[in-house]
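J.: A predicted structure for the sequence below; I have some questions about it.
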Amino acid sequence: MTLLSDLETMFDNMRSQTSWNVDGNLLWGYFFFDPSPAKLQALAAVLEQSNYKIANLYPSDDETTHVLHLEKIETHSPQSLFVRNDELQQLAAQHGVASYDGMDVGPIDLI
């Protein structure tokens, strides 16, 4: 799990290295891994009810697992992102998905 201090550093880096409004809406991507695409599709259906959008579901490079990439436009602080990561980790476990692998972020104009 990502530490709060790591997220604080990430936000500091975004502020110093990008022109993004870090305190406003950004495009957040969330990643889940499982050998079963069906498990990932079931998890995606649950998260779509909370306005997450499926960006991609694809096999990993070595084809031993599958990757679910979801996106959502939202505003986060290090603290709210820490809570969100914990929620997604728990949700993955509840649905028997092998792992929640974390997030990435970009400006909204990437969509």
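T.: Thanks, I have it. Residues are numbered from 1 along each chain as shown.
J.: mind listing what's buried in the longest helix along the chain?
T.: In the chain, assigned by DSSP state H, the helix with the most residues is helix 78-94. Residues 78, 81, 82, 84, 85, 88, 89, 91, 92 are the ones in helix 78-94 that count as buried (16 or more other CB atoms under 10 Å). The C-beta positions use only the backbone N, C-alpha and C, and glycine is treated the same way.
J.: dead centre of this structure: give me the residue that sits there.
T.: residue 30 (1.5 Å; CA atoms, centre = their mean).
J.: and the most far-flung residue of the chain relative to its centre, its phi and psi?
T.: Residue farthest from the centre of the chain, counting by CA atoms, centre = their mean, is residue 16 at 22.2 Å. Residue 16 has phi and psi values of phi -90, psi -20 when expressed as degrees, to the nearest 10.
J.: and for the one 5 residues further on?
T.: When read as degrees, to the nearest 10, the backbone of residue 21 gives phi -80, psi 90.
J.: show the contacting residues for residue 4.
T.: 78, 79, 82 (CB atoms under 8 Å, 6 or more residues apart in numbering).
J.: if we use 6 Å, what do you get?
T.: Residue 4 makes contact with residue 82, according to CB atoms under 6 Å, 6 or more residues apart in numbering.
J.: on that earlier part again, the residue nearest to the centre of the chain contacts residue 103, doesn't it?
T.: Yes: counting by CB atoms under 6 Å, residue 30 touches residue 103, with 5.1 Å between them.
J.: if we can go back for a sec, list the contacts of the longest helix of the chain.
T.: By CB under 6 Å, 6+ apart, the list of residues contacting helix 78-94 reads 2, 4, 7, 8, 11, 30, 32, 100.
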